[in-house]
Every structure is written in C-alpha cells, then in structure tokens.
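1. Sharing a model that was predicted from the sequence below.
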Amino acid sequence: MSDKKAGMFVLNRNLTLSSTMGHTVAFVKDEEVYVPPALRGEAQTIGALPVDGPEEIVEGDEIPDPMGLERDQVLQAAITALREKNAREDFTASGAPTVAAMSAAVGFQVVAAEIQIQVQKLAEQAAVQAEAVATGAG
C-alpha cells in the first residue's frame with residue numbers, strides 16, 4: 001500500500017459528503033480526494049472507493065446509516081419498491097409504508113415521520129410531472 005495514496009478516495013459522481021462531526025468532503029466525479037479517517041466508512045457507504053484498494057473491514061465495524069440527500073433517495077427508492085410489491089401488510093391505513101417494512105427494505109431503522117415526509121415529496125414530484133405532461137412541457 002502506497003503512503004502517497006493512503007486516505008485517497010474516488011467517486012463516480014459529484015457529491016458533497018457532510019458529517020455530523022463537522023467534516024465535509026467534496027467529491028468530483030472520478031477525481032481523487034482525501035477523506036479523513038472519521039469519514040471513510042461514510043464515504044464507502046455512498047460508493048466511494050479507496051484509490052489504493054479496499055480497506056480491510058474489521059468484524060464489528062459499524063457502517064453508518066445514510067444521511068441527508070442520500071438518505072432521502074434511499075427512502076424514496078424503498079417506498080417505490082414497496083408500492084410495486086404492493087403487499088397489504090407493508091402499509092398503514094393511510095397508505096404509507098409501515099416503519100417495519102421500511103426498516104427491513106432499507107436495512108436501517110427509520111421513523112414514521114421521515115416516511116411521511118418522503119411520501120409527501122414523492123407525491124409532490126408526481127404532481128409536478130403530471131402538470132408538465134398536461135401542459136405539454138414533459
């Protein structure tokens with residue numbers, strides 16, 4: 001392993017990773033960027049790859065749950081997948097996915113409030129798309 005490349009990561013898209021610890025890393029598509037040790041797990045969670053090869057994962061290392069925009073995207077994809085599956089037991093009486101179904105789908109714990117927020121965002125996106133189609137803009 002080259003010391004020159006230690007801590008350098010590359011991502012296949014532009015993305016700014018911000019942590020609750022105060023670190024921010026701006027990834028530019030396919031360019032190497034230094035990632036502090038405290039953020040390396042999060043960087044790998046979003047798909048960033050170490051330039052000098054994969055880091056050894058020690059059993060018991062916890063991979064952090066996605067945050068921010070990445071979390072929104074994961075939750076919205078899970079809602080869409082659950083809707084396509086259309087299993088009655090996966091939904092509440094109001095039509096939103098249950099906390100248990102969402103948590104199982106995404107692999108981390110979610111709360112009802114964030115599910116409701118993402119359901120609303122998806123509804124707003126669908127309304128904008130429907131309006132665009134109706135007005136001939138889409």
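-> Nice, I can see it.
2. all contacts plus neighbour counts: C-alpha atoms, from now on.
-> OK.
3. which residues touch the lowest-mean-pLDDT helix or strand in the chain?
-> When each helix and strand of the chain is scored by mean pLDDT, DSSP states H and E, helix 40-45 comes last, with a mean of 82. Residues outside helix 40-45 that contact it (C-alpha atoms under 8 Å, 6 or more residues apart in numbering) are Gly7, Leu17, Val35, Leu49, Ile63, Pro64, Pro66.
4. Same question for stretch 108-125.
-> Applying C-alpha under 8 Å, 6+ apart, the set of residues contacting stretch 108-125 from outside is Asp65, Asp72, Leu75, Gln76, Ile79, Ala96, Pro97, Thr98, Val99, Met102, Ser103.
5. Stretch 130-138 now?
-> Gln129.
6. picking that back up, report all helices and strands that the helix or strand that the least confident helix or strand of the chain is followed by contacts.
-> Per DSSP states H and E, the first helix or strand lying C-terminal to helix 40-45 is strand 49-50. Using 3 or more C-alpha pairs under 8 Å, 6 or more residues apart in numbering; DSSP states H and E, the elements in contact with strand 49-50 are strand 8-10.
7. Give the next helix or strand downstream of the strand it packs on.
-> Sequence-wise, the next helix or strand downstream of strand 8-10 (DSSP H and E) is strand 15-18.
8. Just checking the distance from that next one to the centre of its chain.
-> When C-alpha coordinates are averaged (C-alpha atoms, centre = their mean, to the nearest Å), strand 15-18 and its chain have centres 11 Å apart.
9. Return the set of buried residues in that strand.
-> Going by neighbour count (16 or more other C-alpha atoms under 10 Å), the buried part of strand 15-18 is Leu17, Ser18.
10. and that strand, average pLDDT?
-> The average pLDDT within strand 15-18 is 87.
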